[in-house]
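Undergrad: coordinates only, no sequence provided:
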């Protein structure tokens, strides 16, 4: 085991910190991992530069220190790796809308660990937003309203719909993301299982607020989503090859900017298993279409593909 003394420094007022003095490819001791985990929970996303020794195997090994690894319900993994997902612009894989990962299932990942492989000479930054401080900014009246609302999330609407590109790579990626249709109902406000904080659960996979008319649903979504993505509630990271970002998927949304004019951008991600979201009233997320977290775990034990 290797002991480091991580240094954690904030990079924005409401979200984000940079960690230095740690090599994630090393055999980290429990104390070092605990500092990293604590920083993620406090700052919602943390950044580490120069992690060039982190290959696919080490990437999986470190992420597993944060919790059990999870697959993806529709995406394909890198050859030779069990849990490494590549997001490659040359395959039409872009995430240039505000979203929380995999909210179309009832148990979105708890943590995501993303490392930069190929970064264009300009553009391709990623932004993150704090969904906890967004909820806190609502004020008591809007908080009470949000506490009672539920939203449907689905992969039938996917961020690839917004890509103005009819290339074969983009069309193939759209087909992959809809291989199995998922619809899940989440509380608009959920209670974070580790911090106890209340956070908004919205983003690009939402296709409606339940039990209200469509026009009102759109207005409510925009009202709450605008608090999440307000500039003061975000942090923006300029990538360099070897950089790593680790975020709490239960307390953030993110947006990968597509402003690099067709240049190549590739990153790789490993995620930690999450649990169904829990509302303020204690109700858990509901699977409408697709398979639930419990079914996914059963499929994984039996060696089936498409696990969450």
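TA: Everything's here; your move. Remember, predicted model here, so these are calculated numbers, not experimental data.
Undergrad: so where's the stretch 101-250 of the chain shaky on pLDDT?
TA: 157-179 (pLDDT under 70).
Undergrad: strands of that one, start to end?
TA: Here the stretch 101-250 of the chain has its strands, by DSSP state E, counting those that start in this stretch, at 111-118, 126-130, 150-154, 183-187, 189-191, 198-200, 206-209, 234-237, 244-248.
Undergrad: tell me the strands beside the third one, with direction?
TA: In its sheet, strand 150-154 lies beside strand 183-187 (antiparallel), strand 206-209 (antiparallel), with partners assigned from DSSP bridges.
Undergrad: what's the most buried one of those?
TA: Highest mean neighbour count among the strands paired with strand 150-154 (mean count of other C-beta atoms under 10 Å): strand 183-187, with a mean of 23. No exception for glycine: its C-beta is placed from N, CA and C like everyone else's.
Undergrad: what about the helices in the stretch 101-250 of the chain?
TA: Counting by DSSP state H, counting those that start in this stretch, the stretch 101-250 of the chain has helices at residues 131-136, 140-148, 168-177, 214-228.
Undergrad: closest one to residue 32 among those?
TA: Closest to residue 32 of the helices of the stretch 101-250 of the chain, according to C-beta to C-beta: helix 131-136, at 25.2 Å.
Undergrad: just to revisit the earlier point, which one of the helices of the stretch 101-250 of the chain is the most hemmed in?
TA: helix 131-136 comes out most buried of the helices of the stretch 101-250 of the chain by mean count of other C-beta under 10 Å, with a mean of 24.
Undergrad: helices and strands around that helix, which ones?
TA: Counting contacts by 3 or more C-beta pairs under 8 Å, 6 or more residues apart in numbering; DSSP states H and E, helix 131-136 is packed against strand 198-200, helix 214-228.
Undergrad: and it, how far out from the chain middle?
TA: When C-alpha coordinates are averaged (C-alpha atoms, centre = their mean, to the nearest Å), helix 131-136 and its chain have centres 16 Å apart.
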